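**Student:** Based on what follows, work out the 3D shape:
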Amino acid sequence: MSTTPVAPSPGTVPDETDAAVAALQTTLAAEHAAVFVYGALGAQTSESGSPDLYTALTAAYAVHRTRRDDLMARLHAADAEPVAAEPGYALPAELGTPGAVTARARELEEAAAATYAYLVASTVDDARAWAIQALLDAAVRGLGFGARPDRLPGL
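**Tutor:** Got it, this is the predicted structure:
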């Protein structure tokens, strides 16, 4: 199943549920990648040499794993088969310094905010409220990794 949203054919009205499921699938695919990459980032970080970074990465990993599991549950509740994780994801060649790890974590959170903004726009009610919280959480966590404050995070 493709994780890229598809525009409706001319003259058709997309079903609100279909759009929400497509957005949930796209967001789940992004969370699969985030969990993989945060695992790699944590493996490149010394708990004794960079304790604050290690703690931030560990917390981010846990949050993204929980969000991934929540998305899978939401998809099951919508009678949709959750998109599977890829066997692997691309990692930057240089992750040997705390600065490089921090930069990649910042990029991950900025991408997560953008993905959750898409989910906010594609859902209603409880799913939208959940997506708003996830968007805000990613934006705040990104600040901890050096992202610049933005009036409209994710956009």
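**Student:** C-alpha only now, for contacts and for neighbours.
**Tutor:** Noted.
**Student:** Let me know the secondary structure of residue 40.
**Tutor:** Using DSSP: H, G, I helix; E, B strand; the rest coil, the three-state assignment for residue 40 comes out as helix.
**Student:** Can you read off the pLDDT for the most centrally placed residue in the chain?
**Tutor:** Centroid check for the chain by Cα atoms, centre = their mean gives residue 112 as the closest residue, at 3.7 Å. For residue 112, the pLDDT comes out at 97.
**Student:** So it versus residue 151, what's the distance?
**Tutor:** Using Cα to Cα, to the nearest Å, residue 112 is found at 16 Å from residue 151.
**Student:** Over to residue 40?
**Tutor:** Taken as Cα to Cα, the span from residue 40 to residue 151 is 31 Å.
**Student:** same deal with residue 49?
**Tutor:** Taken as Cα to Cα, the span from residue 49 to residue 151 is 34 Å.
**Student:** higher neighbour count, the two?
**Tutor:** residue 49 (10 against 7; other Cα atoms under 10 Å).
**Student:** Next up, phi/psi of the nearest residue to residue 108 once chain neighbours are set aside, please.
**Tutor:** Leaving out its chain neighbours, the residue that sits closest to residue 108 by Cα to Cα, 6 or more residues apart in numbering is residue 34, at 6.7 Å. Dihedral pair for residue 34: phi -60, psi -40, per degrees, to the nearest 10.
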